[in-house]
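>>> Sequence and predicted model, in that order:
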Amino acid sequence: MIDHSIIRELAEVLETDASGASHFLKGFAGAMSRELLLHRRLSVKGLGLFTSAYAPPERNRSEEGWYYTPPAQSVIWKARSGDDDTLRLALEGMRLEVGEGARVAGALNQIFSRARKKRLELHLAGFGTFRPVGKGYGFMADEGLLSILNSDYEGLSRVASAPLGSSPILKIVSASAVIVILSAIALTFIFRSSTPVPVPELPPAPPIPVAVDSLVAPVPALPDPADPVFLEVGEFTVVLATYTSEMKARREVGRLNSAGVQAALWPAYSNGVKYWRIRTGQFASRSGAQLAIRALGENVVPVPYIQEVKKRVLKNGKKSM
């Protein structure tokens, strides 16, 4: 779960609606997960420091005798950290331009710091959950993230050693055999860790809308009624990408139009900075916009999102919200 005030605040800072704010948050959570899987470390202002820690096999004793537990990887969280990877994750992980990346990174740092100060419940899909613990604030890594971190040990269970009361020679032989097996497992893991391997994408963490350089296949055109001149308050449109450069935005509109998508510019302002959204479609309901997104497919932009019109605007983008 997530405290809805977090989404509302992020939507206000980024001048979007709850759906758009959720997409930004999920996109950043996905970038955090990929960073931790690739580099085993990341730091986010307002959230803290995250590292991947290796726990070696352990020898334990029970009523039946000695046994060894398999190795494991875990996520270690520290509430404080001196550095901050938020902007780099926004630029590299979410593929935002510099101006837009700085704006998004600043907004995320703001809401993360507020959430920790007020001990609000915050769920980052595919990465983990922050929630109040006693008088403090705690973090629990997502099960899917832990499963990927421990994929090298999948299927391993604890290994029994010599039972209590067995002969010293049998104990030594059994323990030696177990140590050899576990050493082989550890060496295999070290070798595999030193060899680059592809990191699986996390389904719960989709990126936010960005521009792509080429189309894999033609896509169907979205309906965009020709008669109305304005987008009216309460209507909905689909945002495909956001730029801080008008020239790049217009180039992308041309590419989309040539691909059969009726796209238009939709300027907006944030903290005195003008940026350019690319939108398509005009819908009376959110469900209509959702149907259009499904018809659009995945070859135009990774994850388009729905924006509710808050202020009457010309469809060709001459005036903004």
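Received, thanks.
>>> Name the spans of this protein whose pLDDT lies under the cut-off.
By pLDDT under 70, the low-scoring segments of the chain are 1, 153-229, 270-272, 297-303, 314-321.
>>> Kindly state the domain boundaries assigned to it.
4-149, 230-314 (automatic domain parsing).
>>> I figured R114 hits L120, correct?
Yes - the pair R114 / L120 is scored as a contact, 7.4 Å apart, by CB atoms under 8 Å. (C-beta placed from N, C-alpha, C; glycine too.)
>>> quick one: which of the two has more around it?
L120 (19 against 16; other CB atoms under 10 Å).
>>> isn't the more buried one right up against I6?
Yes - because the distance of 6.1 Å satisfies CB under 8 Å, L120 is recorded as touching I6.
>>> anything in contact with each of those two?
Residues touching both L120 and I6 (CB atoms under 8 Å, 6 or more residues apart in numbering): R114.
>>> Report the contact partners of L49.
With CB under 8 Å, 6+ apart, L49 has these contacts: 41-43, 77-78, 80-81.
>>> Run through the residues that contact the nearest residue to A31 once chain neighbours are set aside.
Distance criterion CB to CB, 6 or more residues apart in numbering; nearest residue to A31, sequence neighbours excluded, is G93 at 2.6 Å. Residues in contact with G93, defined by CB under 8 Å, 6+ apart, are 27-28, 30-32, 34-35, 207.
>>> and with 10 Å instead?
G93 is in contact with 27-35, 42, 85, 101, 205, 207, counting by CB atoms under 10 Å, 6 or more residues apart in numbering.
>>> from memory K118 sits against D3, does it?
Yes - contact criterion CB atoms under 10 Å: K118 and D3 qualify, at 8.4 Å.
>>> Name the residue in those two with the higher neighbour count.
Applying other CB under 10 Å to K118 and D3 shows that D3 carries more neighbours, namely 18 against 12.
>>> ok so, going back, and the contacts of L49, which are buried?
42-43, 77, 81 (16 or more other CB atoms under 10 Å).
>>> Mind picking the one among those that's closest to G138?
W77 (8.2 Å; CB to CB).
>>> Pull up the distance across stretch 138-149, start to finish.
With CA to CA, to the nearest Å applied, stretch 138-149 spans 20 Å between its terminal residues.
>>> buried stuff in the strand or helix carrying K117?
Assigned by DSSP states H and E, K117 belongs to helix 98-118. Buried residues in helix 98-118, counting neighbours by 16+ other CB under 10 Å, are found at 99-109, 111-112, 114-116.
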